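**Student:** need the 3D shape of this:
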Amino acid sequence: MRLSRALQEKIMDVRLRDKLLAEGKLTKEEVKKYLDGTADEAKNATFTDEVSDEE
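**Tutor:** You can find the predicted model right below:
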């Protein structure tokens, strides 16, 4: 079961997802269903004004 979920999450990786959408192996409806099922983690975001000059 964990392997199946891991593979599903890899399919929804932005880079792979866009490729699969272009190839017709994934539908926009499947992507929407996946994104609608994810939790909103905005409340856990951390913001900072610090800017680093390191390169």
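**Student:** distance of E50 relative to G24?
**Tutor:** Distance of E50 to G24, given as C-beta to C-beta, to the nearest Å: 44 Å. Using the backbone N, CA and C atoms, a C-beta is placed for each residue, glycine as well.
**Student:** so what does the host helix or strand of L3 touch, helix or strand wise?
**Tutor:** L3 belongs to helix 2-11 when assigned by DSSP states H and E. When contacts are defined as 3 or more C-beta pairs under 8 Å, 6 or more residues apart in numbering; DSSP states H and E, helix 2-11 sits against helix 14-23.
**Student:** show me which positions of the helix it packs on end up buried.
**Tutor:** Neighbour-count burial for helix 14-23, counted by 16 or more other C-beta atoms under 10 Å, picks out 17, 20.
**Student:** whatever helix or strand comes next after it - contacts with which helices or strands?
**Tutor:** Following helix 14-23 in sequence order, the next helix or strand is helix 28-36 (DSSP H and E). For helix 28-36, the helices and strands in contact under the criterion 3+ C-beta pairs under 8 Å, 6+ apart are helix 14-23.
**Student:** could you give me the average pLDDT of the helix it packs on?
**Tutor:** Average pLDDT, helix 14-23: 91.
**Student:** neighbours around R5, how many?
**Tutor:** For R5, the count of nearby residues is 9 (other C-beta atoms under 10 Å).
**Student:** do the same with E30
**Tutor:** For E30, the tally of surrounding residues (other C-beta under 10 Å) stands at 16.
**Student:** and the one 4 residues further on, by the same measure?
**Tutor:** For Y34, the number of neighbouring residues by other C-beta under 10 Å comes to 15.
**Student:** how near is it to E54?
**Tutor:** Counting by C-beta to C-beta, the separation of Y34 from E54 is 36 Å.
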